[in-house]
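S.K.: pasting the sequence and the predicted model now:
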Amino acid sequence: MDKKKGRTAKRLFVIGLTLACVLTAVYAATSAYAALINNHFGISTSRIVENEPDSSYDSNYFPAVYDTPEKLFEAAAALCRQAEAEGLVLLTNKDGALPLPSGSKVSFFAQGSVYPNFSSTGSSASGTEKCVSFRNAFEGAGFTVNPGLWDWYAGKAAGLRVNTVDGLVKTYTVNELPWDDVRNAQQATFPSYGDAAIVVLSRDSGEGFDVSTRGSDGRDGSYLSMTPQEEALLKGLTELKGSGVFQRIVVLLNGAVPMQTDFLSDPGIGVDACLWVGNLGLNGTEGVADVLSGRVNPSGRLTDTYVKDSFSSPAMASWKLNDKGLFAQVYGNADGVGLNSSQKYYGVYTEGIYVGYRYYETRYEDVVTQRPGAGSFDYRSVVAFPFGYGLSYTSFEYSGFSVSHDAGKGIYSASVTVKNTGTAAGRETVQIYLQKPYADGGVEKASVELAGFGKTGLLEPGASEAVTVEIREEQFRSYDAEGAGTYVLDPGDYYLAAGTDAHDALNNILAKKGLTRENTAGRMTDGGSSALAEAVLHLDRKDDRTYAVSKETGAAIGNRLDFVDINRYPNRGENHVTYVSRSDWEGTWPAEPVRLTVSGDAMLADLSSHKAIPEDASAVSPVYNVQNGSQLIALRGLPYDHSAWDLLLDQLTYEEQALLVSNAAFGTSPLDSIALRESKASDGPTAVTASVTSVSFPSEGIWASSFDTELIRKIGAMIAEDARLNGVDTMYAPGINIHRTPFGGRAHEYFSEDPFLTGAAAAAEAAGMQEKGVVAVLKHFIFNDEEAARNGICVWLNEQSAREIYLAPFEYAMRPSLGAAKGAMSSFNRAGALWTGASGALQTDIARGEWGFEGYFITDMASSNGALFMTYDDGVINGTDLFLGSGSKTALKEWKNSIPYRIRVREAVHRVLYVMVNFSAMMNGISPTTRIVTVMPLWQVLLLGGVILSALAAAAGLVLSVAQALKEKKEEER
Amino acid sequence: MDQEKGKEGRGAFVLLAAAAILEAVTLALYALTGVSEFSQKLSLQVLLFSVAAAAAGIALLIPVRKGTGKAWSDRLLGLALYAVYALALLAWLFYIVSQLNYIANIAVGIDGTGLSPVFVITTVMFAAAWVLALLSARAFGGKAQETSGAGEGEEVQHG
């Protein structure tokens, strides 16, 4: 009996002990990720208590329109469909192939027809269960879809687009089904559904990797060129069209990354109409059907240049030379100096400002004007469709172009009358481009820059509408890093021109300068219209004063980014790069890989984390825990610098501040001492991740290609409504990095290759979100235009391109007088050798000092990526306000003794609370009489209970076992 | 019977020695490789638990090898061996906890991070240590039961 008891006691001990160990570890792990878990399951960690309810007080600061997922779904689906229809771009339409005749019988080809690209991976990932197929969309639009062919593809084409990962290289492949298989299996069905062969060519993109430049099954080895199977398919269909089986061939380019469109001019391929439709979102397929049926007349315009050779830009010429065809390269002496994987990679933007059309159009002008060094560049053989290009089912005529200037407001107003000269009602996008004067050896200038745009309403045939586009004087400035060290206006003529696309606008400017096809010996692709361009400003001398001071804050603007330009970086050693210059295209063209090394200890120190925090003997420590009865809600509406903020901040302990700053993974912690509840945040740019509504929108490029900021504002507002239904008050969106090359992995999350369009779209989306009480967190600040080795890669570029191309969209969206977004997310990569979240120059001096940014900076995912370099000390002291990670009250204790650090933590908290109380729906329901009580979620209570119970069981087993042993001892002694 | 008991005592001893050595070696491996781009510092818990497990295991080697000769004290010794097992188990569990950032990165699968040999080896070695400690405790428990069954006050020779 005793033995049995002894065994039972021991089992109790062992099982209890094991359970206690396991549950303790589980508790530790889950507690570290509590914010993520609570967010994922929608668990609240605070409770609202009303002390003395005041029924007259309206605490519904941001009313929501939709109160059920069903109502929102219906409205969002209508908006998604509209966005797709307004945004898709009609690239070719031979002989009026589109719209399709009513009731057409059509056949869908290629795997993308049945398995299209609805969304993507990473932060834009969204469920596709409710997405509408092409078949359902087209049948809903009155077409009949070849069922046999559809089912055949459905059975054969699942999962064909596979990719493999090897280190930094992700090799995407298409693996299209062989044409012979399609034809042999289904050709009997073709004649019955021959009104159109609709071919969907899909290309994926995703977070973490760039799209393959090599090793794919594209004709040139890249993922963006047509594959031999796709070529055979199109040639086969062309033959069948020739024999009368199909009436027309329509190609849909389904992807956020721009496919190389050289195939459209291939002999043997007879595509009648081609459209770029992007990633489709929930029901973008219905928008496509609307356009193909003629219900909607397409008015989208390209947001990226579509080329015949994806490697034709200087950025890709440089990238192509790199090892493994990757943007990311390894410092020559990385191993020798002991760099870890978050330090050893670099990439250089040698193309300077010549990104996208800024390159193609500028090189074109220099060839036309025979600038020395322009070389033998042939625009027609390189550019398939220029930036801003797009067709309509009708035609438009521009007249009465004029520009007025309001010096008081600092605004140029460009007006043009648009007349619908065709036979279908439609909308026209009016684009206004700027040309600044360029002199050899001076500040680099693109031949054209998008300066503004507008869109007509629906114009009936014969109807006209005057469109006026405002351009800020400030847009005329250029950044002169090498000379004045600030923004300047160079001497010469400044032109504004209307154009149907960037190339057309440039031709209009060239015409205004007196150039014609004739007097340029046919080098101009088109004669242009001098009536649509105007020289609006002439300067005799360089002006380096007007824009040397911020219009927003009055702060002096000067070179702040020498540390990002390897040629100006103080610790560069022998490193040097040649930036592309239009003064000598051929001589500065990337001819060999850029090889950089770590120059010495100083550069090594810059690459290292935990830099010394500068001490300030005169700094006065903030005070803590001074209970003065302040409540956050009472500060709503007060300016950022109101003295009441000091009282509130005095009330918090350092530990509470640390918790708020460090524990911001998809939300922040409640602080009951100031009646702050928890906030909840979500990815991502095109949808609320894992939304209860399953709503998702097309890729951002499609929104931007609508050139309709009101539509984009509505999408922002709808995403915000969706967020509200999901209990989310902060969206990590929009993504506003630049489509620097066609191969960027997150093209679906970014708008365009153009910074102005990107900024305007971002401002519109942020406005839409913030009117609903959802804080827009712009990402990724900054230079995160590629994905390879993003965790710590050093991105090097000159200050002019940094400011004019990459920072410009953020400036537009963050300046209080323009976009007024209230949040921004720093990036994983480095600017030069410094992690962007640890750059005071970027976050504090430029964003806050020059732009007057009123919001907060949060890091990218600090919990699962590269934690080694995204440190609390480097980040906070340099302007980071929140860490997207799992922190705690003790997370910042190491720096508690540093007064400058304490001051910065307090400022971070101030910024975060200012945004929350004024711009976040998380404050809905909080009144001055409200108390917030922090509660432990049930899962944590149960887990903790499990730990205690198992520990008690183990203890009981131990006590009984010991008692048994002592009893035996006594018996033994007897 | 004595021969059987002796075998079990030797078995427990060998297993415990292997567990303790493995724990110590893994601790050294962790100390050398534990700081990575995904974890900035060595985990204090891993260090504490693995040091305690290794030290306790080594401390118990001689008693386990020689035995106490008393059923009641062998019973207590058996419990102590389970404590070694628990410490080794905690070291392993908290190693996993310390690597969650890294594991999450692999699981998310968006940055190309793969399983590193160091992570796999460390995980397996820490796991092997607690498994060996557990087996040692069980083997010794079997022996202790035999001891108990040998009769009251009977001295047992381990050898």
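M.R.: Perfect, I can see it now. Residues are numbered from 1 along each chain as shown, chains lettered A, B, ... in the order given.

S.K.: contacts only, for the spatially most central residue of chain A.
M.R.: By Cα atoms, centre = their mean, chain A has its centre lying nearest to A:G735, at 2.0 Å. A:G735 is in contact with A:S123, A:S124, A:G684, A:P685, A:E700, A:R746, A:E749, A:Y750, A:K779, A:H780, counting by Cβ atoms under 8 Å, 6 or more residues apart in numbering or on different chains. Bear in mind the C-beta positions are built from the backbone N, C-alpha and C, glycine included.

S.K.: shouldn't the last one be in contact with A:D860?
M.R.: Meaning A:H780. Yes - the pair A:H780 / A:D860 is scored as a contact, 6.1 Å apart, by Cβ atoms under 8 Å.

S.K.: now the common contact residues for those two.
M.R.: Residues touching both A:H780 and A:D860 by Cβ under 8 Å, 6+ apart: A:M825, A:S826, A:S827, A:F828.

S.K.: let's have the residues you listed in TSV, adding neighbour count.
M.R.: Listed next are the shared contacts of A:H780 and A:D860 as TSV, based on neighbours: other Cβ atoms under 10 Å in any protein chain shown:
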residue	neighbour count
A:M825	23
A:S826	29
A:S827	22
A:F828	25
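
S.K.: quick one: the helices in chain B?
M.R.: Taking DSSP state H, the helices of chain B run over residues B:2-33, B:44-66, B:71-98, B:100-108, B:117-149.

S.K.: out of those helices, flag the one nearest A:V145.
M.R.: helix B:100-108 (37.1 Å; Cβ to Cβ).

S.K.: count the residues that sit near A:R713.
M.R.: Per other Cβ atoms under 10 Å in any protein chain shown, the neighbour tally for A:R713 reads 19.

S.K.: pull the distance from whichever helix or strand it is part of to the chain's centre.
M.R.: Assigned by DSSP states H and E, A:R713 falls within helix A:709-725. When distances are taken as Cα atoms, centre = their mean, to the nearest Å, helix A:709-725 is centred 16 Å away from the chain's centroid.

S.K.: element containing the residue in the stretch 701-850 of chain A positioned nearest to chain B?
M.R.: Here the residue of the stretch 701-850 of chain A nearest chain B is A:N791; by Cβ to the nearest Cβ that distance is 6.4 Å. For A:N791, there is no enclosing helix or strand under DSSP H and E.

S.K.: do you know the pLDDT at it?
M.R.: pLDDT, A:N791: 90.

S.K.: again with B:G6
M.R.: 59.

S.K.: the one 4 residues further on too?
M.R.: In this prediction, B:R10 carries a pLDDT score of 85.

S.K.: same check on B:T113?
M.R.: 77.

S.K.: number of nearby residues for it?
M.R.: Neighbour tally, B:T113, other Cβ under 10 Å: 23.

S.K.: measure it to A:E552 for me?
M.R.: Using Cβ to Cβ, to the nearest Å, B:T113 is found at 41 Å from A:E552.

S.K.: please apply the same query to A:A29.
M.R.: 45 Å.

S.K.: elements contacting the helix or strand of chain A with the lowest mean pLDDT?
M.R.: Lowest on mean pLDDT, DSSP states H and E among the helices and strands of chain A sits helix A:34-40, with a mean of 82. Counting contacts by 3 or more Cβ pairs under 8 Å, 6 or more residues apart in numbering or on different chains; DSSP states H and E, helix A:34-40 is packed against strand A:667-668, strand A:679-682.

S.K.: give the buried residues for the helix holding A:R713.
M.R.: A:709, A:711-725 (16 or more other Cβ atoms under 10 Å in any protein chain shown).

S.K.: from those residues, which is closest to A:Y547?
M.R.: A:T709 (24.9 Å).

S.K.: the one residue in the stretch 351-500 of chain A that gets nearest to chain B: neighbour count?
M.R.: Distance from chain B to each residue of the stretch 351-500 of chain A (Cβ to the nearest Cβ) is smallest for A:V355, at 25.2 Å. Residues lying near A:V355 (other Cβ under 10 Å) number 26.

S.K.: ok, now which ones touch the closest residue to chain B within the stretch 151-300 of chain A?
M.R.: Sorted by distance to chain B under Cβ to the nearest Cβ, the residues of the stretch 151-300 of chain A start with A:G208, at 3.4 Å. For A:G208, the contact set (Cβ under 8 Å, 6+ apart) comprises A:T121, A:G122, A:K170, A:G745, A:E787, A:R790, B:G109, B:I110, B:D111, B:G112.

S.K.: for it, which non-adjacent residue is spatially closest?
M.R.: The spatially closest residue to A:G208, leaving aside those adjacent along the chain, is B:I110, at 3.4 Å (Cβ to Cβ, 6 or more residues apart in numbering or on different chains).

S.K.: neighbours around the one you found, how many?
M.R.: For B:I110, the count of nearby residues is 23 (other Cβ under 10 Å).

S.K.: is it true that it touches A:T121?
M.R.: Yes - with contact defined as Cβ under 8 Å, B:I110 reaches A:T121; the gap is 6.5 Å.

S.K.: just to revisit the earlier point, gap between the residue nearest to the centre of chain A and A:G744?
M.R.: 11 Å.

S.K.: what is in contact with the two at once?
M.R.: A:Y750.

S.K.: rewinding a little: now do the shared contacts for B:I110 and A:T121.
M.R.: Contact criterion Cβ under 8 Å, 6+ apart; residues shared by B:I110 and A:T121: A:G206, A:E207, A:G208.

S.K.: distance of the residue lying closest to the first one once chain neighbours are set aside from A:N163?
M.R.: Closest residue in space to A:G206, ignoring its immediate chain neighbours: A:T121 at 3.7 Å, by Cβ to Cβ, 6+ apart. For A:T121, the distance to A:N163 equals 10 Å [Cβ to Cβ].

S.K.: which of the two has more neighbours?
M.R.: Of the pair A:T121 and A:N163, A:T121 is the one with more neighbours under other Cβ under 10 Å, namely 19 against 16.

S.K.: unless I'm mixing things up, that one is touching A:E207, no?
M.R.: Yes - using Cβ under 8 Å, A:T121 is in contact with A:E207, at 5.7 Å.

S.K.: over to the closest residue to A:T758 other than its chain neighbours. Which of the three states is it?
M.R.: Spatial nearest neighbour of A:T758, excluding adjacent residues (Cβ to Cβ, 6+ apart): A:P809 at 3.9 Å. Secondary structure of A:P809, reduced to three states by DSSP: H, G, I helix; E, B strand; the rest coil: helix.

S.K.: ok, A:P809 - contacts?
M.R.: By Cβ under 8 Å, 6+ apart, the neighbours of A:P809 are A:I736, A:I738, A:F751, A:P755, A:F756, A:T758, A:G759, A:A762.

S.K.: got these as JSON lines, with pLDDT and neighbour count columns?
M.R.: Compiled in JSON lines, these are given as follows (pLDDT from 0 to 100; neighbours: other Cβ atoms under 10 Å in any protein chain shown):
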{"residue": "A:I736", "pLDDT": "98", "neighbour count": "34"}
{"residue": "A:I738", "pLDDT": "98", "neighbour count": "24"}
{"residue": "A:F751", "pLDDT": "98", "neighbour count": "32"}
{"residue": "A:P755", "pLDDT": "98", "neighbour count": "27"}
{"residue": "A:F756", "pLDDT": "98", "neighbour count": "20"}
{"residue": "A:T758", "pLDDT": "98", "neighbour count": "30"}
{"residue": "A:G759", "pLDDT": "98", "neighbour count": "25"}
{"residue": "A:A762", "pLDDT": "98", "neighbour count": "30"}
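
S.K.: what sits against the nearest residue to A:A97 once chain neighbours are set aside?
M.R.: Excluding the flanking residues, the one nearest A:A97 by Cβ to Cβ, 6+ apart is A:D272, at 3.6 Å. By Cβ under 8 Å, 6+ apart, the residues touching A:D272 are A:T92, A:N93, A:K94, A:D95, A:A97, A:L98, A:R248, A:I249, A:V250.
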